[in-house]
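Engineer: here you go, sequence then predicted model.
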Amino acid sequence: MNTHEIRYGSDDYQVSLRLRSAILRVPLGKELTEEDVADENQQIHLGVFQKQQLIGCIVVKPVQAGLCVKLRQMAITKEFQGQGFGRRLLRDAESLLRVQGFRKIELHARKTAIPFYEKQGYKAVGNIFLEQDIEHIRMQKTL
């Protein structure tokens, strides 16, 4: 298992779009929209791979230059969920961001994912809100 950056527009990027759609949108009866992927050429894309197969991905959006990023649209292939791939991807993303000088990570966690992020050291901030018609909460972590 290894994690590396996915180049915007590459074949791996196209695979990551299909994965994100299948895991995060199709179960809601939706698809990724232009708004969902707007400005992704300005964002960092990371994937966790096993034997060159994309198992999971995450998008990192700089919010405050050099200080804060927002993690978005983390998705792990269904058959690999619960096997440590998400934890590995998140840990590797945090390490990369630390090296790049970022100090804080924030994200909008689906209510069902709150325990996962809490185990990784993220803290809930504020109240539950709806996003994509699903309950979410803002979470953050200091690197």
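Structural biologist: Yep, that arrived.
Engineer: list the contacts of the helix or strand harbouring residue 14.
Structural biologist: Assigned by DSSP states H and E, residue 14 belongs to helix 11-20. Outside helix 11-20, the residues that touch it by Cβ atoms under 8 Å, 6 or more residues apart in numbering are 6-7, 32, 37, 45, 47, 54, 56-57, 73, 75, 77. (C-beta placed from N, C-alpha, C; glycine too.)
Engineer: in that helix, what's buried?
Structural biologist: By 16 or more other Cβ atoms under 10 Å, the buried positions in helix 11-20 come out as 12-13, 16-17, 19-20.
Engineer: quick one on the thing from earlier: now the contacts of helix 11-20 in CSV, with pLDDT?
Structural biologist: Listed next are the contacts of helix 11-20 as CSV, based on pLDDT from 0 to 100:
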residue, pLDDT
6, 97
7, 97
32, 90
37, 91
45, 97
47, 97
54, 97
56, 97
57, 98
73, 94
75, 97
77, 96
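Engineer: what's the most distant pair in the residues you listed?
Structural biologist: 7 and 77 (20.1 Å; Cβ to Cβ).
Engineer: neighbour count winner among those two?
Structural biologist: residue 77 (18 against 10; other Cβ atoms under 10 Å).
Engineer: that one: what's it in contact with?
Structural biologist: Contacts of residue 77 (Cβ under 8 Å, 6+ apart): 19, 23, 54-56, 85.
Engineer: next one: it relative to residue 46, how far apart?
Structural biologist: Remark: distance between residue 77 and residue 46 (Cβ to Cβ, to the nearest Å) = 15 Å.
Engineer: rewinding a little: who wins for neighbours among the contacts of residue 77?
Structural biologist: Going by other Cβ under 10 Å, residue 56 tops these with 26 neighbours.
Engineer: which SSE is immediately downstream of the helix holding residue 14?
Structural biologist: Counting by DSSP H and E, what follows helix 11-20 is helix 34-37.
Engineer: can you list contacts of the lowest-mean-pLDDT helix or strand in the chain?
Structural biologist: Taking mean pLDDT, DSSP states H and E as the measure, the helix or strand of the chain with the lowest value is helix 34-37, at a mean of 88. Here helix 34-37 makes contact (Cβ under 8 Å, 6+ apart) with 17, 25, 73.
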